[in-house]
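Visitor: give me a model of this one.
(chains A, B, C, D, E, F, G and H)
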There are 8 protein chains.
Amino acid sequence: MKKPKVGIIMGSDSDYPIMEETCKTLEEFGVEHEITVTSAHRSPERTRKYVTSLKRRGVQVLIAAAGGAAHLAGVAAAETALPVIGVPIPSASLDGMDSLLSTVQMPGGIPVATVAIGKPGAKNAGLLAVRILALNDSALAKKLDAYIKSMAKQVDVKNKKLQAAHAKSRKT
Amino acid sequence: MKKPKVGIIMGSDSDYPIMEETCKTLEEFGVEHEITVTSAHRSPERTRKYVTSLKRRGVQVLIAAAGGAAHLAGVAAAETALPVIGVPIPSASLDGMDSLLSTVQMPGGIPVATVAIGKPGAKNAGLLAVRILALNDSALAKKLDAYIKSMAKQVDVKNKKLQAAHAKSRKT
Amino acid sequence: MKKPKVGIIMGSDSDYPIMEETCKTLEEFGVEHEITVTSAHRSPERTRKYVTSLKRRGVQVLIAAAGGAAHLAGVAAAETALPVIGVPIPSASLDGMDSLLSTVQMPGGIPVATVAIGKPGAKNAGLLAVRILALNDSALAKKLDAYIKSMAKQVDVKNKKLQAAHAKSRKT
Amino acid sequence: MKKPKVGIIMGSDSDYPIMEETCKTLEEFGVEHEITVTSAHRSPERTRKYVTSLKRRGVQVLIAAAGGAAHLAGVAAAETALPVIGVPIPSASLDGMDSLLSTVQMPGGIPVATVAIGKPGAKNAGLLAVRILALNDSALAKKLDAYIKSMAKQVDVKNKKLQAAHAKSRKT
Amino acid sequence: MKKPKVGIIMGSDSDYPIMEETCKTLEEFGVEHEITVTSAHRSPERTRKYVTSLKRRGVQVLIAAAGGAAHLAGVAAAETALPVIGVPIPSASLDGMDSLLSTVQMPGGIPVATVAIGKPGAKNAGLLAVRILALNDSALAKKLDAYIKSMAKQVDVKNKKLQAAHAKSRKT
Amino acid sequence: MKKPKVGIIMGSDSDYPIMEETCKTLEEFGVEHEITVTSAHRSPERTRKYVTSLKRRGVQVLIAAAGGAAHLAGVAAAETALPVIGVPIPSASLDGMDSLLSTVQMPGGIPVATVAIGKPGAKNAGLLAVRILALNDSALAKKLDAYIKSMAKQVDVKNKKLQAAHAKSRKT
Amino acid sequence: MKKPKVGIIMGSDSDYPIMEETCKTLEEFGVEHEITVTSAHRSPERTRKYVTSLKRRGVQVLIAAAGGAAHLAGVAAAETALPVIGVPIPSASLDGMDSLLSTVQMPGGIPVATVAIGKPGAKNAGLLAVRILALNDSALAKKLDAYIKSMAKQVDVKNKKLQAAHAKSRKT
Amino acid sequence: MKKPKVGIIMGSDSDYPIMEETCKTLEEFGVEHEITVTSAHRSPERTRKYVTSLKRRGVQVLIAAAGGAAHLAGVAAAETALPVIGVPIPSASLDGMDSLLSTVQMPGGIPVATVAIGKPGAKNAGLLAVRILALNDSALAKKLDAYIKSMAKQVDVKNKKLQAAHAKSRKT
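Guide: This is a model prediction of the structure:
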């Protein structure tokens, strides 16, 4: 097994159905990664040990997901010099607005690269990691270019289907 | 000098004009306290060392103030079993709504006793510490009862002044 | 039966499914408590009588839960010198944002220790009460330390399960 | 001096510059009123005594103004059967959104007639009291009709001034 | 059939399940009322004719319910000198925050007595109308006093039930 | 088949159940239109080509629907001089508030005519296009006048049904 | 003097400093327009008379500006079949969020073409009117194309200035 | 002059006082960069040409700043495979909440690495670029480590100053 390039941490195992999008995206690009449940609050020492181990193990990008008072990404960014991507998990009460603000509004000095709330953000966290890794991996860069082109093609396919369905419905 | 009963930490020295309200309140009650600038993000190790030192030094309540993605109170509450009071500092862009949500929306397991945004909250953080300490300090409990009574009296004084001013303005 | 150390009030019996989390937490720690339905608005006199009875009956911490224009915690804090913890109940229309702001934004002079909206907050209200009571109860303090350690262990267990499931799903 | 028909309470004397709008409006209609500083939190007993005195003293409408966790109107409405009008005072941090939600989101059973945040609301609180009192005071009802007509005329006057200024500015 | 004292208008018949609370409340007090579907936007002339007919037909209070860009209460308040109560209907997308702000933030000159979003507000609109009408109807005033007392008693009943259930669940 | 007067674009085929309201409305008025799935982000070149083709093909109004960081309407308005109507699609996490702000808060220079979030907005996008086209199409203007009148009549019909149902329910 | 093509109404003369942007924009394009102060609430009849006069006087687009519970655009759109553009004026307390929601969240049936809050919106209201009028005025369409091109050129000019200033500051 | 590694674009030259923080940060680390004013809306072609030129010119990270309906970062991310960092500029009316949501809530497929609103975000955008570039530049990685350590030291210095000032003020 190859060494992981991307580490994914989440505050709770209940975040996995969302963070699975990140895993799938990285797998689609063949980027080795590892996932870990660790909480900024319930297991702070574990979180610290994990985060400070990343660089020497060759991990290059950390993705951190949490909801509510989502401190995980910020706390991790304070313990590593690697780029840290934050995924705000939708929260039970406030739709993830609390998760978003807790993740993105970091003070000057410690950046967290924040993506959208929930599944679109989880997917984009994977893609952002790919964009970063592709800067020094020309094979990955080619896959990324192909991915971007295929998205445009998929829009075209969906468009044709929709237009056909719409035309049909008008005749009825 | 007596040993402090309350520790106050703030993420930045620029939070002091607000947190001065906490200090004044504790001084009014004669409660020994100490203040420290330490950041959850810029000085995580320092924060941890400070927080884990509290219990053995006899500090009983920790007050933590931060703005924006305000992680300080939550991070501290993860490192100590003492009651932690969080003061959301008004932020430059979002009026402190980000500070409030980052402080109050803690996941089950790690409580932060959150008070109001800004100066009223800073004052109330001091008073909440006094309410907690007074549970086992009858002299402090008496001062607290007197304080509560004096607040009602001050309302009466302000009321008389306002009514006099209002009556005067109506004659004009 | 031992005398209760913690009083729990809620504005409506419909808040019980959330506040049950508080009860369970206190029971887990063996902290005696009592629950009462009383409304700041529909039964103000009853609320006042209850709240002013707490201190002389040896109750040390009051937990108050309400939704919408959630005045219960603030009104209680005005009638007792005990520490009052406020739990914002999720409201039908505004996701508990109204409950949160009505509970936390107290004016200087009368603190309410506010926790998160809904179940995580209800659980944390119990834990905050435990943290306060543990200041003068070394047996409870030990239980609290053990609880905090066990949370970290539970994260480890959940992590292993998730990693196993994830590894399995990748092979498929 | 005639007996007041309208009582005005405010949580703090600092609310007066806003609530002066209410007074001016009532004076314009010749409606006797009284103003009192009293806080739901700092002087709960005083508030209760004042509110429960209203009906027997012939006061017919109560106007209550408060900011932040604005409980005053709701607490008053719980102690009297008179119509209670709530004026949300703009708060330091959240622009009065907290004041508005704390005032308007009352649970079923205890209504508060909420008006706009700040000065427009303070003025409208006076006018709403007039609309209520005018139901049984035909002289007041006539004044109210005249007031409504004069508002439309003032719009006409302002329109002419603006059009003149605008026409002039275009020639320049 | 007696002449209605309260008129209820709603922007859409889909608002009825909420506004039924208003009707039930008024029926409970024996207050004659009428309901009408009329829209500020889809049937402006009808709305105007209805609203301007109220006073001469002896209606004393108008209750207007609408959602989204909820203009109905404000538009009605511009066409009558009667007290107008606005009920913000929960909206499909924004939880009724749009309905609330469109109803409550009226400019100085034209007051709308706004109540809570949705069913609690619909009930309270009825009760606010009763409070207003009771100022000049001593029989209604008595019913209102009895209602307020019965609410406190209901809290007591619910409390007993909850305590019994809670005690039982603890034994299990 | 006649040439389309209105172009409808949507960022994803999943927006169709909402945008079907636009289609239905245009069909009701007999206004020829075309629908296209194209994304500002996934297919930027396709979007550009489509938008820049509109004018020469005789399309007069463009309707663009998107959710989340909804850039489609703004990006389209930057590439054509035609009037562009933006429909904010409700988003998974933030109820469409993100879609609304991303669509409406355009900088000076590039207007987007924004309508309500979701289905009411989709319907109104069609009606706004009709209002624009009717400026130079007297047959369409007549249909529009008839439509507006029929809305008022429908209110009357719904009102009668509701009053009948309400009267019946009261007898029960 | 030529007949106005665009009517501009505002709820208060205090909105003029913002709406002047609309006037300037229309003047820049040589589009005849008229401005009127009229309120949905303080002068409903005047508003109605003005709005219903538009079509027969040859006005083709109406721009309506209001703040707070901003009903003016919606009320106007209910009285005319012309396209109505709504400009949300920033409000004293809620930054114009209330104005925006009251303007944009119109129910299905009555569209308001809403632009951004404040000055950018006021400017864009003018440009949107130009885009609509240009559909049937080829001279205006040419001016609009030139305007759009000149915006791009202005960006280029500003860019050069900024880069020069930045280069200079780096040498210092 | 060395070739730039980081490109910075902003929608308006008025964003420069905020984006200067990005420039200063990159200069502090000796990272070559270039700044360009270009708008997603006013100069779409120019923006596209600039963004598509980045990769072949050796630029590795793009930082895009915009306010209001802030489309610039998303539009750029659609035209390049490089990592794009979005800085939400505080907006005139909504405190930058609109800028934040328009930047961060990107649909799955096109990631934007969003940082905090305003100056802290502008600084962190520079630091995030440094973290990304440092993955393949060991000299830069060393500077970054030193920077992180110096932040902790600065906290210590500020703490000592504050404690001295606080101690002094208490003696007075």
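Visitor: centre of the chain to the longest helix seen in chain A, how far?
Guide: Under DSSP state H, the helix in chain A containing the largest number of residues is helix A:138-171. Centre-to-centre, helix A:138-171 and its host chain are 23 Å apart (CA atoms, centre = their mean, to the nearest Å).
Visitor: helices or strands up against it?
Guide: When contacts are defined as 3 or more CB pairs under 8 Å, 6 or more residues apart in numbering or on different chains; DSSP states H and E, helix A:138-171 packs onto helix A:119-134, helix F:16-28, strand F:33-37, helix F:44-53. For every residue, glycine as well, the C-beta is placed using N, CA and C.
Visitor: of those, flag the one that's most buried.
Guide: Stretch with highest mean neighbour count among the helices and strands packed on helix A:138-171: helix A:119-134 (a mean of 27; mean count of other CB atoms under 10 Å in any protein chain shown).
Visitor: return the alpha-carbon coordinates of that one using CSV.
Guide: In CSV, the C-alpha atoms belonging to helix A:119-134 read as follows (Å, rounded to 0.1, in the frame of the first residue of the first chain):
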residue,chain,number,x,y,z
LYS,A,119,-21.8,17.1,0.5
PRO,A,120,-20.8,19.6,-2.2
GLY,A,121,-18.1,20.9,0.1
ALA,A,122,-17.0,17.3,0.9
LYS,A,123,-16.6,16.6,-2.8
ASN,A,124,-14.8,19.9,-3.4
ALA,A,125,-12.4,19.3,-0.5
GLY,A,126,-11.2,16.3,-2.4
LEU,A,127,-10.9,18.2,-5.6
LEU,A,128,-9.1,21.1,-3.9
ALA,A,129,-6.6,18.6,-2.5
VAL,A,130,-6.2,17.2,-6.0
ARG,A,131,-5.6,20.8,-7.4
ILE,A,132,-2.9,21.3,-4.8
LEU,A,133,-1.2,17.9,-5.3
ALA,A,134,-1.4,18.3,-9.1
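Visitor: okay, the angle between it and helix H:119-133?
Guide: Going by axes from the mean of the first three to the mean of the last three CA atoms, to 10 degrees, helix A:119-134 is angled at 50 degrees with respect to helix H:119-133.
Visitor: residues from chain A in reach of chain F?
Guide: A:90, A:95-97, A:116-120, A:151-152, A:154-156, A:158-159, A:161-163, A:166, A:170 (CB under 8 Å from any CB of the partner chain).
Visitor: filter the residues you listed to the buried ones?
Guide: A:90, A:95-97, A:116-120, A:151-152, A:155, A:158-159, A:162, A:166 (16 or more other CB atoms under 10 Å in any protein chain shown).
Visitor: domains in chain A, by residue range?
Guide: Domain assignment for chain A, taken from automatic domain parsing, gives A:6-136, A:139-172.
Visitor: now distance to E:Thr80 and mean pLDDT too, for these, in CSV please.
Guide: Shown next, in CSV, are those (distance: least, CB to CB, whole Å; pLDDT from 0 to 100):
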stretch, distance to E:Thr80, mean pLDDT
domain A:6-136, 39, 97
domain A:139-172, 47, 93
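Visitor: switch the ones you listed over to a markdown table; also include distance to B:Met106.
Guide: Compiled in a markdown table, the domains of chain A are given as follows (distance: least, CB to CB, whole Å):
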| stretch | distance to B:Met106 |
| --- | --- |
| domain A:6-136 | 5 |
| domain A:139-172 | 38 |
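Visitor: H:Ile85 is nearest to which of these?
Guide: Closest approach to H:Ile85 among these (CB to CB): domain A:6-136, 7.0 Å.
Visitor: what sits against A:Ala125?
Guide: Contact partners of A:Ala125, counting by CB atoms under 8 Å, 6 or more residues apart in numbering or on different chains, are A:Thr22, A:Thr25, A:Ile63, A:Ala65, A:Ile85, A:Val87, A:Val115, H:Pro111.
Visitor: from the residues you listed, which single one is nearest chain F?
Guide: Proximity of the contacts of A:Ala125 to chain F (CB to the nearest CB) peaks at H:Pro111, which lies at 9.9 Å.
Visitor: I figured the closest one hits A:Ile132, correct?
Guide: No - here H:Pro111 lies out of contact with A:Ile132, judged by CB atoms under 8 Å, at a distance of 10.0 Å.
Visitor: check whether A:Ala70 really touches A:Ser99, as I assumed.
Guide: Yes - with contact defined as CB under 8 Å, A:Ala70 reaches A:Ser99; the gap is 4.4 Å.
Visitor: rewinding a little: out of the domains of chain A, which comes closest to E:Glu32?
Guide: Among those, domain A:6-136 comes nearest to E:Glu32, with 41.6 Å by CB to CB.
Visitor: what's the closest non-adjacent residue to A:Asp145?
Guide: Distances taken as CB to CB, 6 or more residues apart in numbering or on different chains place H:Ala81 nearest to A:Asp145, at 5.9 Å, with adjacent residues excluded.
Visitor: OK, contacts around the closest residue to A:Glu45 other than its chain neighbours?
Guide: Counting by CB to CB, 6+ apart, C:Ala152 is the residue found nearest to A:Glu45 once chain neighbours are left out, at 7.1 Å. If you count contacts by CB under 8 Å, 6+ apart, C:Ala152 has them with A:Arg42, A:Ser43, A:Glu45, A:Arg46.
Visitor: so which of those residues comes closest to chain H?
Guide: Using CB to the nearest CB, A:Glu45 is the member of the contacts of C:Ala152 that sits closest to chain H, with 18.9 Å.
Visitor: how near is the residue nearest to A:Asp145 to F:Pro44?
Guide: H:Ala81 sits 13 Å away from F:Pro44, going by CB to CB, to the nearest Å.
Visitor: equivalent analysis for A:Ser91, please.
Guide: For A:Ser91, the distance to F:Pro44 - CB to CB - is 33 Å.
Visitor: ok so, going back, reformat the contacts of A:Ala125 as a markdown table; add distance to C:Ala77 and secondary structure.
Guide: Below are those laid out as a markdown table (distance: CB to CB, whole Å; DSSP: H, G, I helix; E, B strand; the rest coil):
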| residue | distance to C:Ala77 | secondary structure |
| --- | --- | --- |
| A:Thr22 | 44 | helix |
| A:Thr25 | 49 | helix |
| A:Ile63 | 42 | strand |
| A:Ala65 | 36 | strand |
| A:Ile85 | 41 | strand |
| A:Val87 | 37 | strand |
| A:Val115 | 40 | coil |
| H:Pro111 | 46 | coil |
